[in-house]
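A.B. asks: quick one, fold the following:
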Amino acid sequence: MTIARLLLRQGAVVAMHHHENEQVTMLKSGVLRFIFGGSEEGREVIVREGDVLQIPPNVPHMVEALEDSMATDLFTPRREDWIRGDDAYLRNPR
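C.D. replies: Residues are numbered from 1 along each chain as shown. Down below sits the predicted model:
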């Protein structure tokens, strides 16, 4: 398992991506917009302070911070791509 605390400033975008890991996002503060599917026209879910969102493995998704937001993400199995440093989509948000 990988546990990560993420701070996303308002306007930050995590590009469309997918991973083999199941993900659980717990939002401590702020508002995030998740878009699921192969394009930005997929299903949209707004997550607010106190909400928890589960994302199954291999589901394409992107995230936009509608407000400054703090989230704790749980991934299982552990994020091997993060360990390898193969996570440019997260490190270079627009």
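A.B. asks: tell me the centre residue of this structure?
C.D. replies: Nearest residue to the geometric centre of the chain (CA atoms, centre = their mean): Val63, 5.7 Å.
A.B. asks: now that residue, nearest residue through space, not along the chain?
C.D. replies: Nearest residue to Val63, sequence neighbours excluded (CB to CB, 6 or more residues apart in numbering): Val14, at 4.3 Å. To be clear about C-beta, it is placed using only N, CA and C from the backbone, and glycine gets the same treatment.
A.B. asks: what's the answer for Thr25, then?
C.D. replies: Using CB to CB, 6+ apart and skipping the chain neighbours, the partner closest in space to Thr25 is Leu53 (4.7 Å).
A.B. asks: which neighbours in the sheet does the strand or helix carrying the residue nearest to Val63 have, and how are they oriented?
C.D. replies: Element membership for Val14, per DSSP states H and E: strand 13-17. With DSSP bridges as the test, strand 13-17 is paired with strand 61-65 (antiparallel).
A.B. asks: state the distance from Glu49 to Gly30.
C.D. replies: According to CB to CB, to the nearest Å, Glu49 and Gly30 sit 7 Å apart.
A.B. asks: same check, this time on Ala12
C.D. replies: The value you get for Ala12 to Gly30, if CB to CB is used, is 10 Å.
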